[in-house]
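A.B. asks: Sequence plus the predicted model coming up.
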Amino acid sequence: MKIFKSARSRLTFLYVAVLALILAILGVLAYVIFTSSIYDQTDRALSEVGTSFETTARRHFEDVQEQKNVSEALSHTAEDVSFKNYKVFVFSQTRKFLWQTRTLEAEPNISTDTAQRWLNEFTSSEEANLDGFSNDRELFRVHYHPFKMGGSSFYLIVIHPLDEQKAYLRQIRNAMLLIVPVALLLTSFGGYFLAQKSFAPIAEMSEKAAHIHSTNLYERLPIENEEDELGRLAKTFNDLLARLNRSFEQQKRFMADASHELRTPVSIVRGEAEVSLTKQDRDVSEYQETIAIMQKESERMSRIIEDLFTLARADSGAFVPALSSIFVDDILADTVRAFRTLGKKHDVSISYSQNGDMPLEADEFLLRRLFTNLIDNSLKHARSKIEIESSMKDGQYEIRISDDGPGIPLDKQDHIFERFYRVDKSRSSNSKSLVGSGAGLGLSISKWIAELHNGRLKLSKSDSNGTVFKVVLPLNQATRTI
Ligand SMILES: Nc1ncnc2c1ncn2[C@@H]1O[C@H](COP(=O)(O)OP(=O)(O)O)[C@@H](O)[C@H]1O
Ligand SMILES: [Mg+2]
């Protein structure tokens, strides 16, 4: 149904339907209760009239005791008493009509035949009541009152017209039939208005959200009240936008930095090629020099591309490490060995105090890369020595790599794990490196490797006496993909 497409109409419809049901139940209930209480009242009055007739007759009977004439007592009573709107018929033991009380003016006239017909409907010897119609279809409440006097049985039929009660009930019914639809109509308008008012901020929010694109991710939805549901929804949405914006900015910066880093080696290679092609008469050593430069720059490019590829895979969240049972101490010893010659060349001693077996389920290739990156960084900055220590603490391996270099300036320390971040931006080709002069991706990759193994990589300390990096790898812990 088209009109129920909007939540507003649906809500109003539900609201009105529930109210209609409640009103209907209440109405029927009230009507039933009214009716039964009116009947109770009427029946009580009828019974009183019967009793009062009987009492009066007995009094007459006692008055005329000498004659002990029951008929006289009853006929006197029927002549004497009259009850407004109540009429009494007296029948004999054989259920024959004897007397009736007077019919007052403006009271409906009931024939004795009708009274006889009603009497025949009662058979027991107890008081009882029924609804009865007169010959002209008028409704009466009929009361049956048997009693004994002077040794014989008599029956009273007391009647009361129900037109007043019927009119009263009709009025109640009419009032309900008027009030219920009016109440429903008012509540539908009220409900629709309220729903419209409550949904207005949502409509506004959805309109605003529809205008947010990648170019204006900094825009936010308005929050009227942070405490209510809508405010919280807007806040959640705004938080989502903030996260999206942040990762969008990161992505943009990453692209810009990556292309910037790649542009330099490409232009060097191109420049070298152009120069050597334009210059005539070059000797072999000159060509060799050019080709050496080109080789070094292409290596650098491959390295950057390799790093970018690693980070892209890390970002995709679908990286599955190639786990195997390895010994961390062996990998560390291997890596240190690989650096030793270079260290010696630059008068930097590299010491590794092996501290027992360190078995672990890990990705060997990635762990090698992690330690290589860290030792390589240390070697680039160390003055005379690098120390590597490992220990086991609280179910995790701790590997500390310290150097006696000049340290990282305090204000730069927070940034070193960021992608493409280098403290010294000059792209000096560093001969003190196994990996080669980097693009500032080493530490971010290393951190990712540590976290992929559920561990951590932290800068423990860095001042003018040197720098210490700490790698923490938890033992026996399933690795996760991040
Ligand atoms: N042991 C260290 N001593 C001093 N500076 C360091 C050390 N390790 C890292 N750094 C600084 O952190 C920066 C980021 O390191 P990294 O991500 O490995 O990039 P890269 O090695 O390519 O420069 C480096 O440029 C360097 O300035
Ligand atoms: Mg590095």
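C.D. replies: Ah, there it is. Ligands and ions are numbered 1, 2, ... in the order given.

A.B. asks: Around ligand 2, pick out the residues from the stretch 251-400 of the chain.
C.D. replies: Residues of the stretch 251-400 of the chain lying close to ligand 2 (Cβ under 5 Å from the ion) are N377. Bear in mind the C-beta positions are built from the backbone N, C-alpha and C, glycine included.

A.B. asks: Please, which helix or strand holds the residue of the stretch 251-400 of the chain found nearest ligand 2?
C.D. replies: Minimum separation of the stretch 251-400 of the chain from ligand 2 (Cβ to the ion) falls at N377, amounting to 4.5 Å. If you go by DSSP states H and E, N377 is part of helix 364-381.

A.B. asks: Neighbouring strands - and their directions - for the helix or strand just after that helix?
C.D. replies: Note on helix 364-381: by DSSP H and E, the next helix or strand toward the C-terminus is strand 385-393. With DSSP bridges as the test, strand 385-393 is paired with strand 349-353 (parallel), strand 396-403 (antiparallel).

A.B. asks: Share the number of residues neighbouring the residue of the chain found nearest ligand 1, please.
C.D. replies: Proximity of the chain to ligand 1 (Cβ to the nearest ligand atom) peaks at G438, 2.0 Å away. G438 has 23 neighbouring residues, counting by other Cβ atoms under 10 Å.

A.B. asks: Check the one 3 residues further on too.
C.D. replies: Each residue near L441 was counted by other Cβ under 10 Å, and the total is 24.

A.B. asks: If you average the pLDDT over the host helix or strand of D40, what comes out?
C.D. replies: Assigned by DSSP H and E, D40 belongs to helix 7-63. In this model, helix 7-63 has an average pLDDT of 91.

A.B. asks: now do stretch 451-468
C.D. replies: Here the average pLDDT along stretch 451-468 is 96.

A.B. asks: Show me what counts as buried in that stretch.
C.D. replies: Within stretch 451-468, the residues scored as buried using 16 or more other Cβ atoms under 10 Å are L452, H453, N454, G455, L457, S462, G466, T467, V468.

A.B. asks: Do any residues in that stretch lie close to ligand 2?
C.D. replies: No: with Cβ under 5 Å from the ion as the criterion, ligand 2 is not reached by stretch 451-468; the gap is at least 12.3 Å.

A.B. asks: got the CA coordinates for that stretch in PDB?
C.D. replies: Extracted in PDB, the C-alpha atoms of stretch 451-468 (Å, rounded to 0.1, in the frame of the first residue of the first chain):
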ATOM      1  CA  GLU A 451      51.300  -6.700  15.100                       C
ATOM      2  CA  LEU A 452      50.500  -9.400  12.600                       C
ATOM      3  CA  HIS A 453      52.100 -11.700  15.200                       C
ATOM      4  CA  ASN A 454      50.000 -10.200  17.900                       C
ATOM      5  CA  GLY A 455      53.100  -8.400  19.200                       C
ATOM      6  CA  ARG A 456      54.300  -4.800  19.400                       C
ATOM      7  CA  LEU A 457      57.100  -2.700  18.100                       C
ATOM      8  CA  LYS A 458      58.000   0.300  20.300                       C
ATOM      9  CA  LEU A 459      60.600   3.000  20.500                       C
ATOM     10  CA  SER A 460      61.800   2.300  24.000                       C
ATOM     11  CA  LYS A 461      64.200   5.200  24.400                       C
ATOM     12  CA  SER A 462      66.000   7.700  22.200                       C
ATOM     13  CA  ASP A 463      68.300  10.400  23.300                       C
ATOM     14  CA  SER A 464      71.800  11.700  22.500                       C
ATOM     15  CA  ASN A 465      73.300   8.500  24.000                       C
ATOM     16  CA  GLY A 466      71.500   6.300  21.600                       C
ATOM     17  CA  THR A 467      68.200   4.600  20.600                       C
ATOM     18  CA  VAL A 468      66.500   1.500  21.800                       C
END
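
A.B. asks: quick check, that stretch touching ligand 1?
C.D. replies: Yes: residues of stretch 451-468 are located near ligand 1 by Cβ under 6 Å from any ligand atom, namely T467.

A.B. asks: What about W448, how many residues nearby?
C.D. replies: 21.

A.B. asks: one step back: okay, the angle between the helix holding N377 and strand 349-353?
C.D. replies: In terms of direction (axes from the mean of the first three to the mean of the last three Cα atoms, to 10 degrees), helix 364-381 departs from strand 349-353 by 140 degrees.

A.B. asks: what's the model's confidence in helix 364-381, averaged?
C.D. replies: Helix 364-381 carries an average pLDDT of 95.

A.B. asks: Counting by contacts, list what it packs against.
C.D. replies: The elements that helix 364-381 packs onto, with contact taken as 3 or more Cβ pairs under 8 Å, 6 or more residues apart in numbering; DSSP states H and E, are strand 323-327, helix 328-345, strand 385-393, strand 396-403, helix 442-452, strand 466-474.

A.B. asks: Alpha carbons of the second one, as CSV, please.
C.D. replies: In this case it means helix 328-345. Output of helix 328-345 as CSV, limited to C-alpha atoms (Å, rounded to 0.1, in the frame of the first residue of the first chain):
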residue,chain,number,x,y,z
VAL,A,328,63.5,-16.5,16.9
ASP,A,329,67.1,-16.7,18.3
ASP,A,330,68.3,-18.4,15.1
ILE,A,331,66.7,-15.8,12.9
LEU,A,332,68.3,-13.0,15.0
ALA,A,333,71.7,-14.7,14.9
ASP,A,334,71.4,-15.1,11.1
THR,A,335,70.4,-11.5,10.6
VAL,A,336,73.2,-10.2,12.9
ARG,A,337,75.7,-12.3,10.9
ALA,A,338,74.5,-10.8,7.7
PHE,A,339,75.3,-7.3,9.0
ARG,A,340,78.6,-8.1,10.6
THR,A,341,80.9,-7.4,7.6
LEU,A,342,79.2,-4.1,6.9
GLY,A,343,79.4,-3.2,10.6
LYS,A,344,83.1,-3.9,10.6
LYS,A,345,83.6,-1.8,7.6
